[in-house]
Structure formats: structure tokens, C-alpha cells
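Asks: A structural model of the following input is requested.
(one chain, ligands or ions: 2)
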Amino acid sequence: MQVLCMHVKMKSFLLIFFVVTLFQFVVPTYTAADKAEEPSATISYTLWLNPDITKQESLNITAPNGTSFYEVMQLAASLNPNFAFQAREYPGMGHYIFKLAGQEEDLVNNIYWMIFKLTDLPDPTNPPSDDFLTPVGVDSIFINDKDIYLFWYKYVIFE
Ligand SMILES: *[C@@H]1O[C@H](CO)[C@@H](O)[C@H](O)[C@H]1NC(C)=O
Ligand SMILES: *[C@@H]1O[C@H](CO)[C@@H](O)[C@H](O)[C@H]1NC(C)=O
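Replies: Numbers count the residues shown, from 1 in each chain. Ligands and ions are numbered 1, 2, ... in the order given. This is a model prediction of the structure:
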């Protein structure tokens, strides 16, 4: 009786061991295969460096589909120092960009870095309306192929 009982216990131990071992081998392989198939997204990222739009910087950047715009900004800064930025992090709100391309927000004159998501490449002769401002912060914007983003150092009129 005791021997049989041991035998059953041993059997279930072996079964659990087998399943755990199988799991450890299968899961990493699956994840690796998944990563390899991850689609990439190429987006356009432009800076308008003053309210009057006389200076701009633009680049196309490729990253995995669904990367946050905050991470894209970090990548852009590493590729081109003109895209270097500084942010403050607020709990629950994420990163707030207060300095970009050497230009810091100007609280006295109400000039802030405002991010727009556009449907066409930005055109200084036809600036976007506030309808194109992104409703969420840079941590909550997730890129998709062919997206067009614009950060504009812009006068903001508070009503
Ligand atoms: C980005 O790609 C678009 C479309 O291919 C092209 O028209 C544009 O000139 C590129 N911009 C830069 C800064 O390379
Ligand atoms: C990219 O991600 C978005 C969701 O963020 C999804 O709707 C879209 O289908 C994805 N594109 C590709 C090519 O997988």
C-alpha cells in the first residue's frame, strides 16, 4: 500500500516536472519568434522651433509598431542632437516636455511645446489648427506606420 502510494506521488511529481520543463523550453522560443515578426513603423517627426515657424527640423524614424512617442523622442535625440529634450514626470500623467531643441517653455509669454498628430506633412504656410493637438501625453501616444507628428514651440492663448 505504502509503495503504491509513493509510486503515485512519484508519478505526479514527474508529470509536474515534465510540464514545467516543457513550459520553460516552449515559452522563450515562442517569445523570440513573436519578436522577430514584430512589424516596424516609420514615422515623420518635425520640430517647429519658433512660433513664427521660420526654423524647423525634420526626420523620419523607424521603431517597432506600437512604440510610445516618448521612446521615439529618446531615439530621435540619440540620432540627432537637435532633438534633445527635457521632461518632467508627473504621477499618473507621464512625461511633460518643457524643453526641446534647446528651447525652454516661456511661461511669461505663454509659449509652450505643443504636440500635433497630422494627416499630411507639416506645412509652415498652412499651420495646423488646435484640432490636431494630441489629446494625450507623449507616453500614451503609440506609433503606427506613416504617422506624422509635429512639436511646435507655439503661443498658447488661454481663454
Ligand atoms: C521622410 O519620408 C518622406 C516620404 O518618404 C519624404 O517625403 C521626406 O522628405 C522624408 N523626410 C526626411 C527628413 O527625410
Ligand atoms: C500597429 O499597432 C496598431 C495598434 O497600436 C494596430 O492597430 C496595427 O494593426 C498595427 N500594425 C501592424 C502592421 O501590425
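Asks: residue 86 bridge partners, please.
Replies: According to DSSP bridges, the partner residues bridging residue 86 are residue 99.
Asks: you'd agree it is up against residue 96?
Replies: No - shown here, residue 86 and residue 96 do not form a contact pair, counting by C-beta atoms under 8 Å, at 9.9 Å. To be clear about C-beta, it is placed using only N, CA and C from the backbone, and glycine gets the same treatment.
Asks: so between the two, which is more surrounded?
Replies: residue 96 (16 against 12; other C-beta atoms under 10 Å).
Asks: contacting residues around that one?
Replies: Residues in contact with residue 96 (C-beta atoms under 8 Å, 6 or more residues apart in numbering) are 87, 88, 89, 90, 137.
Asks: can I assume residue 82 sits in a helix?
Replies: Yes - Residue 82 forms part of a helix when assessed by DSSP: H, G, I helix; E, B strand; the rest coil.
Asks: surely it and residue 100 touch.
Replies: No - contact criterion C-beta under 8 Å: residue 82 and residue 100 do not qualify, at 9.3 Å.
Asks: okay, and the common contacts of these two?
Replies: Residues touching both residue 82 and residue 100 (C-beta under 8 Å, 6+ apart) are residue 47.
Asks: neighbour-wise, which of those two wins?
Replies: residue 100 (23 against 14).
Asks: next, find the distance separating that one from residue 77.
Replies: Going from residue 100 to residue 77 by C-beta to C-beta, to the nearest Å gives 9 Å.
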